[in-house]
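Visitor: sequence unknown, structure follows:
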């Protein structure tokens with residue numbers, strides 16, 4: 001039974017913490033920083049269906065990737081390639097997870113926009129894993145498709161708290177998408193170096209037949225710039241976000257810490273999921289998050305002081 005549980009990857013549910021970002025966007029731009037116990041309860045419950053659908057996608061991923069995992073240095077020990085589980089039972093588990101997720105949506109009265117985002121998360125897993133599309137095998141599109149789960153999680157968090165007629169800003173949605181693409185490309189870069197054999201890596205993941213270390217680094221730089229660009233637009237356009245301009249240097253330091261860690265030689269020997277365990281990345285992420293909340297709650301629009309960085313009237 002433990003092997004079936006491993007394939008559902010409950011340890012990866014931590015990724016759904018990105019749903020909290022959607023809660024924050026709704027809390028800031030729509031709810032005007034107002035919270036109560038009921039809203040907190042809804043926010044907490046909104047994580048559960050998303051985790052169930054994520055596990056359903058992980059089951060599909062493990063089933064379809066088993067022949068490729070058999071050629072990976074460590075993934076060959078997973079349940080299916082190692083012969084520890086039955087695929088037929090996994091299909092039943094996947095179906096049960098999907099049904100449970102949408103039944104909970106009905107029981108907890110989540111609106112149609114939240115349910116549509118949940119369905120989109122499920123469809124995203126199909127497009128990413130199932131032939132003939134199987135974007136997982138297509139260089140660069142694999143990262144774009146996988147990181148699209150970031151905007152989906154934003155929508156899940158957002159629509160768990162606000163009505164369907166409200167729409168989150170496109171600049172924030174794209175910033176969150178590009179941030180996810182940066183993380184996913186870093187994961188690809190780490191994995192590419194971890195395997196350390198161009199022929200073997202190409203058999204394990206078809207997109208690695210196209211990728212090189214150089215193209216992956218350039219992609220990381222591109223996504224980092226696009227993330228900063230979209231974030232800057234959101235900070236400038238929405239008055240409630242103006243104060244976040246002073247948090248921007250911390251965001252830059254967090255991105256630099258991520259790049260620095262991804263480039264280390266010893267990182268190539270780590271599993272990709274360990275990439276975000278670097279203490280400096282954690283430090284700057286926590287500091288940035290705390291400073292962001294403080295600036296959002298500040299009653300004064302300190303961003304007006306930013307004119308000191310521009311032309312001065314004498």
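Guide: Happy to help now that I have it. Worth saying up front: this structure is predicted, and the values here are computed from it rather than measured.
Visitor: any idea how far stretch 25-44 is from the chain center?
Guide: Centre-to-centre, stretch 25-44 and its host chain are 21 Å apart (C-alpha atoms, centre = their mean, to the nearest Å).
Visitor: span of that stretch from start to end?
Guide: 15 Å (C-alpha to C-alpha, to the nearest Å).
Visitor: residues of it that come out buried?
Guide: For stretch 25-44, burial by neighbour count (16 or more other C-beta atoms under 10 Å) applies to 25-29, 39, 42-43. Where C-beta positions appear, they are placed from N, C-alpha and C, glycine not excepted.
Visitor: do the same with stretch 240-258
Guide: Applying a neighbour-count criterion of 16+ other C-beta under 10 Å, the buried positions in stretch 240-258 are 241-247, 250-251, 254-255, 257-258.
Visitor: columns distance to residue 144 and pLDDT on top of the buried residues of stretch 25-44, output as TSV?
Guide: Formatted as TSV, those follow (distance: C-beta to C-beta, whole Å; pLDDT from 0 to 100):
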residue	distance to residue 144	pLDDT
25	22	95
26	25	95
27	28	93
28	27	93
29	26	94
39	33	93
42	31	95
43	28	95
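Visitor: relative to residue 153, which of those is nearest.
Guide: Lowest distance from residue 153 to those (C-beta to C-beta) belongs to residue 25, with 11.3 Å.
Visitor: dump the residue contacts of that closest one.
Guide: Contacts for residue 25 (C-beta atoms under 8 Å, 6 or more residues apart in numbering) come out as 154, 157-158, 168-169, 172.
Visitor: how does it look with 10 Å?
Guide: Contacts here follow C-beta atoms under 10 Å, 6 or more residues apart in numbering; on that basis residue 25 touches 31, 154-155, 157-158, 161-162, 168-169, 172-173, 176, 234, 241.
Visitor: for residue 220, which non-adjacent residue is spatially closest?
Guide: residue 185 (4.8 Å; C-beta to C-beta, 6 or more residues apart in numbering).
Visitor: and for residue 226?
Guide: In this structure, residue 226 finds its nearest non-sequential neighbour in residue 178, 4.2 Å apart by C-beta to C-beta, 6+ apart.
Visitor: likewise residue 59?
Guide: Per C-beta to C-beta, 6+ apart, closest to residue 59 is residue 94, 4.3 Å.
Visitor: need the contact partners of the strand or helix carrying that neighbour.
Guide: If you go by DSSP states H and E, residue 94 is part of helix 87-107. With C-beta under 10 Å, 6+ apart as the test, helix 87-107 has contacts from 4-5, 7-8, 45-46, 48-60, 62-63, 66, 79-80, 85-86, 110-112, 114-115, 118-119, 121-122, 125.
Visitor: residue 166: how many residues sit nearby?
Guide: Other residues lying near residue 166 total 13 when counted by other C-beta atoms under 10 Å.
Visitor: could I get the pLDDT score of it?
Guide: You'll see residue 166 listed with a pLDDT of 93.
Visitor: what of residue 314?
Guide: Per-residue pLDDT puts residue 314 at 42.
Visitor: shaky segments in this structure?
Guide: By pLDDT under 70, the low-scoring segments of the chain are 69, 72, 198, 265-277, 302-314.
Visitor: can you give me the helices in it?
Guide: In the chain, the segments counted as helices under DSSP state H are 2-8, 19-29, 37-45, 47-69, 87-107, 112-129, 141-147, 149-159, 170-195, 198-204, 213-237, 248-263, 279-297.
Visitor: what angle do the third one and helix 112-129 make?
Guide: Orientation check (axes from the mean of the first three to the mean of the last three C-alpha atoms, to 10 degrees): helix 37-45 against helix 112-129 gives 10 degrees.
Visitor: what helices and strands are in contact with helix 37-45?
Guide: In terms of contacts (3 or more C-beta pairs under 10 Å, 6 or more residues apart in numbering; DSSP states H and E), helix 37-45 is packed against helix 19-29, helix 87-107.
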